[in-house]
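Visitor: Compute the structure for the input listed below.
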Amino acid sequence: MTMNVSGGCHCGAVRFDALVPEQVELLDCNCSICSASGFLHLFVPHSDFTLLTGHDQLASYRFGSEQAEHLFCKNCGVKSFYQPRSHPDCWSVHFRSLDDGQKPAIEVVKFDGRNWEKSAGKSGFNSAS
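Guide: Have a look, this model is predicted:
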């Protein structure tokens with residue numbers, strides 16, 4: 001079973017809808033950027049994600065391998081979703097950026113992003129992504 005969820009940045013300039021399972025696994029990564037922002041990864045296939053507003057309000061930031069594209073609202077600085085290197089066919093939506101109300105049931109899984117290449121292999125991610 002699936003459900004529709006909505007979310008966005010703090011100021012409301014960036015808004016999205018997504019279709020997600022009613023039970024999801026969130027990734028809690030300890031890399032430098034995820035731990036600093038408290039990002040909880042909800043992977044959503046590109047085909048199940050719709051950016052409603054704010055495309056022109058997104059700023060891009062890349063670091064390290066430069067394979068992930070971190071997208072931040074230019075107004076409030078919130079990263080509500082981005083393109084991860086681990087899942088090139090999905091957006092990583094910040095679970096905490098979903099609107100209050102109906103949300104999927106969650107299971108949180110820890111991921112050692114500080115040792116990305118080693119951990120990605122154990123998790124089945126394509127480390128070349």
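Visitor: Hmm, Ala13 and Leu52 touching each other?
Guide: No - in this structure, Leu52 is not within contact of Ala13 by C-beta atoms under 8 Å, at 10.8 Å. (C-beta placed from N, C-alpha, C; glycine too.)
Visitor: and these two? which has more neighbours close in?
Guide: A direct count of neighbours by other C-beta atoms under 10 Å for Leu52 and Ala13 places Ala13 higher, at 17 against 11.
Visitor: Look up the pLDDT of the more buried one for me, please.
Guide: As predicted, Ala13 sits at a pLDDT of 98.
Visitor: Assign a three-state SS to it, would you?
Guide: coil (DSSP: H, G, I helix; E, B strand; the rest coil).
Visitor: For it, give me its contacts.
Guide: By C-beta atoms under 8 Å, 6 or more residues apart in numbering, the contact set of Ala13 is Thr53, Gly54, Gln57, Cys73, Lys74, Asn75, Cys76.
Visitor: show me the contacts for the residue nearest to Ala105 when sequence neighbours are not counted.
Guide: Leaving aside its chain neighbours, Ala105 sits nearest to Gln23 (4.7 Å; criterion: C-beta to C-beta, 6 or more residues apart in numbering). Counting by C-beta under 8 Å, 6+ apart, Gln23 touches Pro104, Ala105, Ile106, Glu107.
Visitor: Ok, His41 next?
Guide: His41 makes contacts with Leu26, Leu27, Asp28, Cys29, Cys34, Pro84, Ser92, Val93, His94, Phe95, Phe111, as judged by C-beta under 8 Å, 6+ apart.
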